[in-house]
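Undergrad: Give me coordinates for this.
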Amino acid sequence: MTTSSNPTPAAQAPPSSVLSLSVPVAMGYVPLGMVFGFLFVQAGAPWWLAVMASVLVFAGAAQFMMVPMLAAGLPWASIALATLVVNLRHVFYGLSLLDKLPVKPWARWYLVFALTDETYSVLTTLPSGTSTRQMVTVALLNQGWWVLGTLLGAVIGAQAQISLVGLDFALAALFAVLAVEQWRKADSAAPLWVAVASYAVAWTLLPQQALLTAIGLSVLAGLLWRQSGTRKVSP
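TA: Numbering: from 1, shown residues only. Presented below is the predicted three-dimensional model:
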């Protein structure tokens, strides 16, 4: 166990380095949060409820899906089930992060709650030995950007009636940046090409469930790859 007198290099990293990890996420979360806050208020809800949704729900795409469902008066059970289906991919994310999640219960449960696509991408690039404080700070900053964007969209954007057309492209741009960072950190580009091929196959066979199918194919490819590597090194 590492003592406080001999901290790991990751634990010595200044706060500015943690902030720099979250800045690319801010470039996507602030404008997208604004779009969500704007749409939520336009659906007839008060501005503060939009902010509370981003604080207590923080589900990204599921929050956008929630707006028309709430406006249509659908029961909470239907909204909860739809949210579960949309965020089912996070189960795969969590399984791959089990060894990295902190032991402290409060930190572990918060990271489980705050695990989004972008936060997952940042956490997986952190070196081994990264402190609990840094991991939680990254997740807090990422959620903070989303909440800030929601507040701006709900209060300022709705009042000014500004046009938000095109801001949704920020999410695609953010994923592109994070994919490049993952590519640069990885020892091999094989995972990237496996993901691209999996999505191409999934889109061809099951376009309505392309994302979930692509995740399943990628997991299967990873398992087969690992088994193949194990056979090669076995005596």
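Undergrad: CA only for contacts and neighbour counts going forward, please
TA: OK.
Undergrad: Tell me which residues of the helix or strand where residue 142 lies come out buried.
TA: Using DSSP states H and E, residue 142 falls within helix 132-151. Using 16 or more other C-alpha atoms under 10 Å as the test for burial, helix 132-151 gives 132, 134-151.
Undergrad: Same question for stretch 208-219.
TA: Neighbour-count burial for stretch 208-219 [16+ other C-alpha under 10 Å]: 210, 211, 212, 213, 214, 215, 216, 217, 218, 219.
Undergrad: what's the answer for stretch 123-133, then?
TA: 123, 126, 130, 131, 132.
Undergrad: same thing with stretch 108-124?
TA: Result for stretch 108-124 [16+ other C-alpha under 10 Å]: buried residues 108, 111-112, 114-123.
Undergrad: model confidence over that stretch, on average?
TA: The average pLDDT for stretch 108-124 rounds to 88.
Undergrad: Same question for stretch 195-207.
TA: Stretch 195-207 comes out at a mean pLDDT of 88.
Undergrad: Give me the contacts around that stretch.
TA: If you take C-alpha atoms under 8 Å, 6 or more residues apart in numbering as the criterion, stretch 195-207 is touched by 209, 210, 211, 213, 214, 215, 217, 218.
Undergrad: As TSV, those with secondary structure would be great.
TA: Shown next, in TSV, are those (DSSP: H, G, I helix; E, B strand; the rest coil):
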residue	secondary structure
209	helix
210	helix
211	helix
213	helix
214	helix
215	helix
217	helix
218	helix
